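**Student:** Next come a sequence and a model predicted from it.
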Amino acid sequence: MKVERALLITGFGYEHDDAWSTNMELFKEFTDVSRGVRRLGAAAVDMCHVALGIAESYWEYRLKPWDMAAGVLVVFFILLVFFFLLKYLSCRA
């Protein structure tokens, strides 16, 4: 998919340093060339939007390990529910 047709997600850190300034420049550039750039909230929620196909991409500078861990946990539990339902529905058929 081309950036011109993409909905993007980003996040901003609390420290207003060089990485923050770089991210703001990317935000401005991608806002001009894409369908839009959103700031939704927690990194795990942002990752879920990409996984669900609601948005095409997510970027954030200096993402913390606990943000990644939360995203992994969400995906893990979604897979557990999916496979549980798959097994449950196949047993009922």
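**Tutor:** Happy to help now that I have it.
**Student:** So the closest residue to residue 60 other than its chain neighbours versus residue 46, what's the distance?
**Tutor:** Once flanking residues are discounted, residue 60 sits nearest to residue 11: 3.8 Å by Cβ to Cβ, 6 or more residues apart in numbering. To be clear about C-beta, it is placed using only N, CA and C from the backbone, and glycine gets the same treatment. Using Cβ to Cβ, to the nearest Å, residue 11 is found at 6 Å from residue 46.
**Student:** shared neighbours, those two?
**Tutor:** Residues touching both residue 11 and residue 46 (Cβ atoms under 8 Å, 6 or more residues apart in numbering) are 58, 60.
**Student:** Of those two, which one has the most company?
**Tutor:** A direct count of neighbours by other Cβ atoms under 10 Å for residue 11 and residue 46 places residue 46 higher, at 24 against 19.
**Student:** quick one: the helix ranked longest in the chain to chain centroid distance?
**Tutor:** Secondary structure of the chain per DSSP state H: the longest helix is helix 65-92. In this view, helix 65-92 has its centroid 17 Å away from the chain centroid, taken as Cα atoms, centre = their mean, to the nearest Å.
**Student:** what mean pLDDT would you report for it?
**Tutor:** Per-residue pLDDT over helix 65-92 has a mean of 88.
**Student:** residues of it that come out buried?
**Tutor:** 67, 70, 71, 74 (16 or more other Cβ atoms under 10 Å).
**Student:** Check stretch 20-34 too.
**Tutor:** For stretch 20-34, burial by neighbour count (16+ other Cβ under 10 Å) applies to 23, 27, 30, 34.
**Student:** Which pLDDT value goes with the last one?
**Tutor:** Just to be clear, that refers to residue 34. Residue 34 is assigned 97 on the pLDDT scale.
**Student:** show me what contacts it?
**Tutor:** Residue 34 touches 3, 4, 5, 6, 7, 8, counting by Cβ under 8 Å, 6+ apart.
**Student:** isn't the first one right next to residue 33, touching?
**Tutor:** Translated: residue 3. Yes: Residue 3 lies in contact with residue 33 (Cβ atoms under 8 Å); the separation is 5.6 Å.
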